[in-house]
Structures are given as structure tokens and as C-alpha cells.
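>>> let's see this in three dimensions:
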Amino acid sequence: MVHQSRDQTLQNQRAVTTVLYRIGKPDAFLSRLVSNVSLLMDKKDRERQIGWIDPREINFRCTWYYRYLGSLTTPPCTEGVIWTINTKIKTVSRRQIKLLREAVHNYAKCNARPLQPLNDMI
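Residues are numbered from 1 along each chain as shown. Below you'll find the predicted structure:
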């Protein structure tokens, strides 16, 4: 989940909260999004309003996390992003993974971070 500050003085302040998954039981939160994701397949640059999502429904239930300052993983690769990685690993079904991959497959090349130089070397 990518968050951006509404405060105009912090306009470019962003934070990313991540959830890690392993293959197992379907994730209840992702199950709620399945029909909306299916409707967006092969619809480049199309948006669909699905209403408000309460992030508490993701059900982190974890007090341990990693935090670091990094950048976005997709263009424009903005730096100065606060990353928070939850240490609790949730489960996702193979069907859910397949659906998400199909939803972004055709356009993933436009949504990937360009190759970066190693240690500021050109």
C-alpha cells in the first residue's frame, strides 16, 4: 500500500506498507478484490472505483516490522519513501496469484523499475 501525505508542506512525503505472502489458504482481504481485479484485465490505463477500503481489514496483527528509507519500486522511482515491512507472513492461494499476474502481465514492462547502476557507478 502506497500512502501520500495530504499536507501541502509534505506533498512529496510517501510511505509504503508491505505484506509478505506465501502460498497457502486464500487471503480473505484479496478475495474481496477479485471481482474488481478481473474487470480490469487487459484495460491499460483504466481505473475502477471500488469504494473505500479500511486498511485494518488486512488484519496485520503483528507488532514486529522492519523500517527503512528507500524509493518507489515503479516509475518514477521517487526517493525518500518510508518503507515498513510487516514480519508476519500471510497466505495467498495459487488462484489469487494467477489472477493478479494476469491482471498486470501485459503492462508489467511499463510498471517495472528500470535497471539501476550499482553503487552510483555508470
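
>>> for stretch 69-83, measure first residue to last.
Start-to-end span of stretch 69-83 (C-alpha to C-alpha, to the nearest Å) is 6 Å.

>>> now for the helix or strand of the chain with the lowest mean pLDDT, which elements pack on it?
Ranked by mean pLDDT, DSSP states H and E, the helix or strand of the chain with the weakest confidence is helix 28-39, at a mean of 79. Counting contacts by 3 or more C-beta pairs under 8 Å, 6 or more residues apart in numbering; DSSP states H and E, helix 28-39 is packed against helix 94-104. Where C-beta positions appear, they are placed from N, C-alpha and C, glycine not excepted.

>>> quick one: the helix it packs on to helix 28-39, angle?
Here the directions of helix 94-104 and helix 28-39 differ by 40 degrees (axes from the mean of the first three to the mean of the last three C-alpha atoms, to 10 degrees).

>>> starting at the chain centroid, how far to helix 94-104?
Here the centre of mass of C-alpha atoms in helix 94-104, compared against the chain's by C-alpha atoms, centre = their mean, to the nearest Å, lies 14 Å away.

>>> can you spell out which helices and strands pack onto it?
Checking 3+ C-beta pairs under 8 Å, 6+ apart, helix 94-104 ends up next to helix 28-39.

>>> picking that back up, quick check: buried residues in the least confident helix or strand of the chain?
Across helix 28-39, burial judged by 16 or more other C-beta atoms under 10 Å covers 30, 33, 37.

>>> low-confidence ranges, this structure, go.
Low-confidence segments of the chain (pLDDT under 70): 10-11, 40-48, 50-51, 105-112, 119-122.
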